[in-house]
Structures are given as structure tokens and as C-alpha cells.
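Participant: Here you go, sequence then predicted model.
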Amino acid sequence: MGIRKKTNKNPPVMSHEFIIQNHADIVSCVAMVFLLGLMFEVTSKVAVLFITVQYNVTIAAKEGQLEETVVNHFHHGLKDLATIFFYMLVAIIMHAIIQEYVLDKINRKMHFSKTKHSKFNESGQLSAFYLFSCGWGTSILMSENFLSNPVSLWEGYPHTLMPFQMKFYFICQMGYWLHALPELYFQKTKKEDIARQLVYISLYLVHIAGAYILNLNRLALVLLVLHYFVELLFHISRLVYFSNEKRQTG
């Protein structure tokens, strides 16, 4: 789905301003190329690498004395880089949708200053991400019984195999934090803010990718859910404060 910001100016094609104004449309077209690749036999094998989760392992699990069920698990590998790249594109598109259809409309009503405008957008985007990630991560913890049986977080390490939901969760996490790097350019981030944002983006990427590669995914999932919940409270509080400084609840 293409996103195009309304503007009276028509910057030169492929100029910096053109790319910034139309980056969501450009990224949407790139993502569509991969999706269309699934339709043709010649390109489907390549397109699958980007869209679907790789390194599937089928395991036979017994249920009762007679019945056997097939369980699909996954491990990590270099092909995951292609999948992370595709979901980085998806994150850029979602970022543009939230910005244009939610945050920009609120900004026009509230008439924020430039400083508040930037911080409001940052907290708005992160609040949506933290809420989604915290809820998704909690559902995985419950479905895999990690909360009811905390010993399973470290028992049997290294946990080289992951269920689909857990692997897809980490793929999306790395894709999201990678998308934050080009967004510094797309959102025209101020020079004085770039260093701060690069630090926390890099910290997220190093810790999440490190836990994923070192097979610490179970423990990392618990820590991410707890950390995202705290960050969600912080950014919601900041949104409340920006909406009305007289409200000291934030």
C-alpha cells in the first residue's frame, strides 16, 4: 500500500527531498517485487528466502501411547538476513502509515513546537511498537509455558531449535530496529539527536542479534517483554505530558 504525503511542491525526481517525501511508496514497490516473485516459478525460490521463515526442522512428537504428531521447529542461519531485510521494508511501510494517518493528524490539532513535534513522533512510534511487541511476546511466553515452568528458560541449553512464533518474533524485532537506521534520514532527524538515537538502536540490535545467534532466545524473550513494558509506560507517559503539560500524571 503506497503512502504519499500531500504537498504543493514537486521536487526533482530522485532528489533527497523526493526520496524523503515518497520513501514509503518506493519501499512499497520494492516489497511488491518480492511478493510478485512468488507468482512465477523462476523467481519463487528467491522470493521465498525473503518472505518466509527459513531453516525448518520437522520433529515427531508423541501424544499419548499411540498417536504421533509432527512439530515444526526452526534454527538460525545466514539466509535469515534476507528475511530480516524484507521485514525491515515492512517496518518502514508501517512506520509511514502510523505517521501519516495517526501522528500527523494529532500534531495538526495540537500545534506542537518543532522540539515537541519530534519527541511526540518518536514516542508515538515507539509506543505502538512496544505495545505490539510486548503483547506478542507475552502470548509466546504463555503458549510455550515459559511462565509456568521457568526452569525451561535455561534447562537443556543451547536451545538451537525454536517454534515458528519465536523465530518470527526475533526476525521482526531485528527488522524493526534495522529500519530505524534509514528512518533517521527519512524523518530528517536533527544532527544533535542522531548520536543519541544511534546509540540505543545499536544497543537493541547488538543484544537482540547476540541472543538470537547464541541461542539465548528464551531468556531474551522474557527480558524483552519486561523491558518493552517499562519503555511502553515511559513513552505513554511522555505522550500524556506533551498532550497537556498541566497534566502531571505523565
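Facilitator: That came in fine, so what should we check first? Residues are numbered from 1 along each chain as shown.
Participant: How many residues are close by residue 29?
Facilitator: By other Cβ atoms under 10 Å, 11 other residues sit near residue 29. Every residue, glycine included, has its C-beta placed from N, CA and C.
Participant: Packing partners of the helix or strand containing it?
Facilitator: Assigned by DSSP states H and E, residue 29 belongs to helix 23-37. Counting contacts by 3 or more Cβ pairs under 8 Å, 6 or more residues apart in numbering; DSSP states H and E, helix 23-37 is packed against helix 41-51, helix 80-98.
Participant: Comparing the ones you listed, which comes out most buried?
Facilitator: Across the helices and strands packed on helix 23-37, averaging neighbours per residue (mean count of other Cβ atoms under 10 Å) puts helix 80-98 on top, at a mean of 20.
Participant: and it, what does it pack onto?
Facilitator: With contacts taken as 3+ Cβ pairs under 8 Å, 6+ apart, helix 80-98 sits against helix 23-37, helix 41-51, helix 114-143, helix 164-186.
Participant: re the thing from before, now the helices and strands packed on helix 23-37 as a markdown table including distance to residue 147 and mean pLDDT?
Facilitator: Below are the helices and strands packed on helix 23-37 laid out as a markdown table (distance: least, Cβ to Cβ, whole Å; pLDDT from 0 to 100):
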| stretch | distance to residue 147 | mean pLDDT |
| --- | --- | --- |
| helix 41-51 | 31 | 93 |
| helix 80-98 | 26 | 96 |
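Participant: okay if I get these as a markdown table plus distance to residue 187?
Facilitator: A markdown table is the format used below for the helices and strands packed on helix 23-37 (distance: least, Cβ to Cβ, whole Å):
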| stretch | distance to residue 187 |
| --- | --- |
| helix 41-51 | 25 |
| helix 80-98 | 9 |
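Participant: Which one, of those, ends up nearest to residue 59?
Facilitator: Nearest to residue 59, of all the helices and strands packed on helix 23-37, is helix 80-98, at 19.8 Å by Cβ to Cβ.
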